[in-house]
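Participant: what shape does this take:
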Amino acid sequence: RLGHEKQHQRLGPGKQHQSAMETTTLDTNVSVCLSCSPGNIIGSGIFISPKGVLEHAGSVGLSLIVWVCGGGICALGSMCYAELGVTIPKSGGDYSYVTEIFGGLVGFLLLWSAVLIMYPTTLAVIALTFSNYVLQPAFQNCVPPYLATRLLSTICILFLTWVNCSSVRWATRIQDVFTVAKLLALGLIIAVGLVQICRGHYDALRPSQAFEFTRDPSVGQIALAFLQASFAFSGWNFLNYVTEEVVEPRKNLPRAIYISIPLVTLVYTLTNIAYFSSMTPEELLASNAVAVTFGEKLLGVFSWVMPISVALSTFGGINGYLFTSSRLCFSGAREGHLPYLLAMIHLKNCTPIPALLVCCGATIVILCIGETHNLINYVSFINFLSYGVTIAGLLYYRWKRPNLLRPIKVSVLVPISYLVFWAVLLGFSLYSEPVVCGMGIVIMLTGVPVYFVGVHWKNNDSYTPCIASPCRSFTRRS
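Facilitator: I've put the predicted structure just below:
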């Protein structure tokens, strides 16, 4: 603390900011490695979403179609993001593109919704999945107690927040090690499932039974099934957060899309086929931890491997999202769109401790008020809303800057097709779940007055005594 105060005395405000940016170079370089990891899309969502997709789709066959089409939609969105990535060569993804195209207010609203909704809710869902898989073996015939799952999830979040505050190296080592558990779990599920199919155990996959609907299908329920699947596919746009660090983005961005999206879609489809090779739809819907039920039915004495693998996978997923969400808070604060307190880092550990604590606190609040599948609908709706605004910005930017050099230029049918699907999906999702989806819109719009008070008017004379002085009192000794 004394060293921190002495450095503040030696440096002026501008040099303090410059010093902070220079010190955080190590963090940025590590975040590049995390953001570009091939395992970013294949995450814990595949252990969470199958139940929600099947519940809303109403049949095995339609749920598999949703998984395949979900990958196709991600491919369309990725191609649009590839054009934006080389046309506006800034790191930051949606936030940077929308700010450049539509201005500060729309960019701030995306940042606001990400900080308050998307990242904390995603962290809450993964943490609840972690606790469910850890506790499920102890509560085989019933759902784990509400208090137990929340308490274990909170302990996990607090522990990983402490790790991320203490050392960037520890955080990245955890990410590397626990990625292996994720791949092990998926590989084991697919391999065992294919063996089951070769033995003739695929009754639920026969066309005559696969399309037996438990309820009459509706467009609204299918839209919610896509929202559940989209949670597992989230991460397809993470490469755009580090565009400036990508070597030859004109070649490597499309290459990453053409390889990763089909591969992920194949893995997810095969995983769901493996589930249905050993479980009836009723058993899958009744399970609170699908992979655990799968392991208990097929792995015998080795069934303990599955909950451990999934728990380790989700543990690593929490660590990765804590890492990236805190860096988003840090970047927004550095650009002046969030309180400058969130841009401060620990001088010795080079970690954004204030940003990490904000992400941790927001996640714990959401843990206490939400149920897993409702939270998935909640965060997926906001995610799709952000994607649609960004891709609409692509069309607007073509009209606004028609002569701008575009090393990658996709057919206009690609963004139009995505936006048509986007409008139908969001419209029917809002119709089917008006409270869950409507709350997301309301929370996003609460950022409008915050933007004008905290960002747009901050250079006014009236702003300084009312807002700036109290804020400075929390971050600087008088």
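Participant: surely residue 357 is in contact with residue 161?
Facilitator: Yes. Applying C-beta atoms under 8 Å as the test, residue 357 and residue 161 come out as touching, 7.0 Å apart. Where C-beta positions appear, they are placed from N, C-alpha and C, glycine not excepted.
Participant: and those two? Which one has more around it.
Facilitator: Legend: neighbour count by other C-beta atoms under 10 Å for residue 357 and residue 161, higher for residue 161 (22 against 15).
Participant: neighbouring contacts of the host helix or strand of the more buried one?
Facilitator: Applying DSSP states H and E as the criterion places residue 161 in helix 146-166. Applying C-beta atoms under 8 Å, 6 or more residues apart in numbering, the external contacts of helix 146-166 come out as 123-124, 127-128, 130-132, 134-135, 170-171, 174, 315, 318-319, 322-323, 326, 346, 349, 351, 353, 356-357, 359-360, 363-364, 367-368.
Participant: and for the closest residue to residue 236 other than its chain neighbours, the neighbour number?
Facilitator: Nearest non-adjacent residue to residue 236, counting by C-beta to C-beta, 6 or more residues apart in numbering: residue 74, 4.7 Å away. Using other C-beta under 10 Å, residue 74 is surrounded by 25 other residues.
Participant: what of residue 338?
Facilitator: Residues within reach of residue 338, counting by other C-beta under 10 Å, total 24.
Participant: for the nearest residue to it once chain neighbours are set aside, list the residues it contacts.
Facilitator: Nearest residue to residue 338 in three dimensions, chain neighbours excluded: residue 332, at 4.2 Å (C-beta to C-beta, 6+ apart). Counting by C-beta under 8 Å, 6+ apart, residue 332 touches 95, 111, 115, 338, 342.
Participant: closest to residue 291 among those?
Facilitator: Within the contacts of residue 332, proximity to residue 291 (C-beta to C-beta) peaks at residue 115, which comes in at 30.9 Å.
Participant: so which helix or strand takes in the closest residue to the closest one other than its chain neighbours?
Facilitator: Closest residue to residue 115 apart from its sequence neighbours, by C-beta to C-beta, 6+ apart: residue 329 at 5.8 Å. Taking DSSP H and E as the criterion, residue 329 maps to helix 305-334.
Participant: average pLDDT across that helix?
Facilitator: Averaged across helix 305-334, pLDDT comes to 80.
Participant: just stretch 399-419 next, same as before
Facilitator: 90.
Participant: thought residue 168 was touching residue 351, still the case?
Facilitator: Yes. If you go by C-beta under 8 Å, residue 351 and residue 168 touch, sitting 6.0 Å apart.
Participant: neighbour count winner among the two?
Facilitator: Set side by side, residue 351 and residue 168 show more neighbours around residue 351, with 24 against 21, by other C-beta under 10 Å.
Participant: show the contacting residues for that one.
Facilitator: Residue 351 neighbours (C-beta under 8 Å, 6+ apart): 27, 164-168, 345.
Participant: same check, this time on residue 117
Facilitator: Applying C-beta under 8 Å, 6+ apart, the residues near residue 117 are 378-379, 382, 440, 443-444.
Participant: pull out the buried members of those.
Facilitator: 378-379, 382, 440, 444 (16 or more other C-beta atoms under 10 Å).
Participant: let's see which of the residues you listed end up in strands.
Facilitator: Judged by DSSP state E, the subset of those located in strands is empty.
Participant: ok, and the closest non-adjacent residue to residue 312?
Facilitator: Using C-beta to C-beta, 6+ apart, the nearest residue to residue 312 is residue 181, at 3.5 Å.
Participant: residue 313 is in contact with the one you found, correct?
Facilitator: Yes. In terms of C-beta under 8 Å, residue 181 counts as a neighbour of residue 313; the distance is 4.9 Å.
Participant: more crowded one of these two?
Facilitator: Per other C-beta under 10 Å, whichever of residue 181 and residue 313 has more neighbours is residue 313, with 29 against 18.
Participant: in space, what's closest to the more buried one - neighbours in sequence excluded?
Facilitator: Using C-beta to C-beta, 6+ apart and skipping residues adjacent in sequence, the residue nearest residue 313 is residue 182, 3.7 Å away.
Participant: beyond the helix or strand harbouring that neighbour, next helix or strand please.
Facilitator: Using DSSP H and E, residue 182 falls within helix 168-198. Downstream of helix 168-198, the next assigned helix or strand under DSSP H and E is helix 207-210.
Participant: packing partners of that following helix?
Facilitator: Secondary-structure packing of helix 207-210 (3 or more C-beta pairs under 8 Å, 6 or more residues apart in numbering; DSSP states H and E): helix 60-87.
Participant: residue 283 and residue 293 touch, don't they?
Facilitator: Yes. Contact criterion C-beta under 8 Å: residue 283 and residue 293 qualify, at 6.6 Å.
Participant: what number of residues lie near residue 414?
Facilitator: By other C-beta under 10 Å, neighbour count at residue 414 equals 18.
Participant: contacts only, for it.
Facilitator: Contacts for residue 414 (C-beta under 8 Å, 6+ apart) come out as 76, 79-80.
Participant: which one of the residues you listed has the most neighbours?
Facilitator: Neighbour counts for the contacts of residue 414 (other C-beta under 10 Å) peak at residue 80, which has 24 neighbours.
Participant: how far does the helix holding residue 329 sit from the chain's center?
Facilitator: Distance of helix 305-334 from the chain centroid (C-alpha atoms, centre = their mean, to the nearest Å) equals 9 Å.
Participant: could you pull out the helices for the stretch 251-400 of the chain?
Facilitator: Ranges of helices within the stretch 251-400 of the chain are 281-286, 290-298, 305-334, 353-367, 372-400, based on DSSP state H, counting those that start in this stretch.
Participant: hmm, back to that, show me the two of the contacts of residue 332 that sit farthest apart.
Facilitator: Pairwise distances among those were taken by C-beta to C-beta; the largest, 14.4 Å, belongs to 95 and 342.
Participant: quick check, pLDDT for residue 76.
Facilitator: Confidence score, pLDDT, at residue 76: 91.
Participant: that one contacts residue 417, correct?
Facilitator: Yes. Using C-beta under 8 Å, residue 76 makes contact with residue 417 at a distance of 6.0 Å.
Participant: where does the prediction get shaky in the chain?
Facilitator: In the predicted model of the chain, residues 1-44, 91-92, 239, 241-246, 370, 372-373, 456-478 satisfy pLDDT under 70.
Participant: which of the buried ones among the contacts of residue 117 lies closest to residue 190?
Facilitator: Distance to residue 190, by C-beta to C-beta, is smallest for residue 379 among the buried ones among the contacts of residue 117, at 26.6 Å.
Participant: now do the contacts for the closest residue to the closest one other than its chain neighbours.
Facilitator: The shortest distance from residue 379 to any non-neighbouring residue, by C-beta to C-beta, 6+ apart, is to residue 121 (4.1 Å). Residue 121 makes contacts with 366, 370, 375, 378-379, as judged by C-beta under 8 Å, 6+ apart.
Participant: hmm, try it at 6 Å
Facilitator: Counting by C-beta atoms under 6 Å, 6 or more residues apart in numbering, residue 121 makes contact with 366, 375, 378-379.
Participant: any idea how far it is from residue 234?
Facilitator: Distance, residue 121 to residue 234, using C-beta to C-beta, to the nearest Å: 11 Å.
Participant: now residue 176
Facilitator: Counting by C-beta to C-beta, the gap from residue 176 to residue 234 is 21 Å.
Participant: who's more crowded, these two?
Facilitator: Shown here are residue 176 and residue 234; by other C-beta under 10 Å, residue 234 has more neighbours (20 against 13).
Participant: all set now, cheers.
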